[in-house]
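Engineer: can't give you the sequence, but here's the structure:
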């Protein structure tokens, strides 16, 4: 989980170091978090 600024930087770094220029470079998936559940307490939607 990253803030927007760090997310962009991380994606750029992954692209930079993961690039081989051939089929198979892969994909980077970036998605939001819909729901969070803390396993230990059962607390929900508390993301910190």
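Structural biologist: In hand now; what should we look at? A quick note: this is a predicted structure, and the numbers were derived from the prediction, not measured. Residues are numbered from 1 along each chain as shown.
Engineer: so who does the most centrally placed residue in the chain touch?
Structural biologist: For the chain, the residue nearest the mean C-alpha position is residue 30 (5.2 Å; C-alpha atoms, centre = their mean). Residues near residue 30 by C-beta atoms under 8 Å, 6 or more residues apart in numbering: 7, 11. The way it works is simple: take the backbone N, C-alpha and C, and place the C-beta from them, glycine included.
Engineer: which SS state does it fall under?
Structural biologist: Here residue 30 is recorded as coil under DSSP: H, G, I helix; E, B strand; the rest coil.
Engineer: That one and residue 3: what is the separation?
Structural biologist: Taking C-beta to C-beta, to the nearest Å as the measure, residue 30 falls 13 Å from residue 3.
Engineer: Can you check what pLDDT the model gives residue 46?
Structural biologist: What the model reports for residue 46 is a pLDDT of 66.
Engineer: oh, I was asking about residue 42
Structural biologist: Predicted confidence (pLDDT) for residue 42: 90.
Engineer: So what's the residue count around it?
Structural biologist: Neighbour count of residue 42, defined by other C-beta atoms under 10 Å: 7.
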